[in-house]
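**Student:** Sequence below, structure please.
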Amino acid sequence: MAIGERIKTFRKRKGLTQKELGVQLGFKESTADIRLAQYEAEKRVPKEDLIETLSNILEVSPEAINVPNIDTHVGVMQVLFTLEDIYGISVKQEGSHINIDLGAIHDTLGNEAKAWAKMKSKLDAGEISQEEYDDWRYNYPASASRYHKMIDLDL
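**Tutor:** Numbering: from 1, shown residues only. This next block holds a predicted model:
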């Protein structure tokens, strides 16, 4: 999901119209909905300061809005190649399975993946609501401290 779709998803989650969000961002009321429509359609890309303001209004982390474009297989592959370059992850085919070795980020990402799995299992078991799960995901990592006791990982 590209940045425009993320903005739209989070805007709707908050129950805001394009005009309402645009006005809260400081755009003139007469053009607020047009500006938001341009961001959501990706005709314009918000700058860092606008992403920060959006994240505050929409109550999500800036990282939840500004994710890499993984809408295509090529986009996903480019993210994986970048992770290989930066963190040394590698890929290996074993029979009909493709395995990704997390390399240098294994310990950190492994713990984060365990926390994710724990939260997802709590959602699936009905122990937390979809709203609580989304709050944890969309405000990560700041939300990790709020949900630390709930996750209770033996790390």
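**Student:** What about residue 119, how many residues nearby?
**Tutor:** Residue 119 has 22 neighbours, counted by other Cβ atoms under 10 Å. C-beta here means a position set from N, CA and C on the backbone, and glycine is covered the same way.
**Student:** Return the list of helices and strands in contact with the helix or strand harbouring it.
**Tutor:** Using DSSP states H and E, residue 119 maps to helix 106-124. Helix 106-124 is packed against helix 130-138, helix 148-151, with contacts defined by 3 or more Cβ pairs under 8 Å, 6 or more residues apart in numbering; DSSP states H and E.
**Student:** where do the helices sit along this protein?
**Tutor:** Using DSSP state H, the helices of the chain run over 3-13, 18-24, 32-40, 48-58, 62-65, 73-87, 106-124, 130-138, 142-146, 148-151.
**Student:** Comparing the helices and strands packed on helix 106-124 by mean pLDDT, which bottoms out?
**Tutor:** Set side by side, the helices and strands packed on helix 106-124 give their lowest mean pLDDT on helix 148-151, at a mean of 62.
**Student:** can you tell me which residues contact the residue nearest the centre of the chain?
**Tutor:** Centrality entry for the chain: nearest residue to the mean C-alpha point is residue 64, 3.0 Å, by Cα atoms, centre = their mean. Neighbouring residues of residue 64 by Cβ atoms under 8 Å, 6 or more residues apart in numbering: 6, 10, 55, 137, 138, 139, 140.
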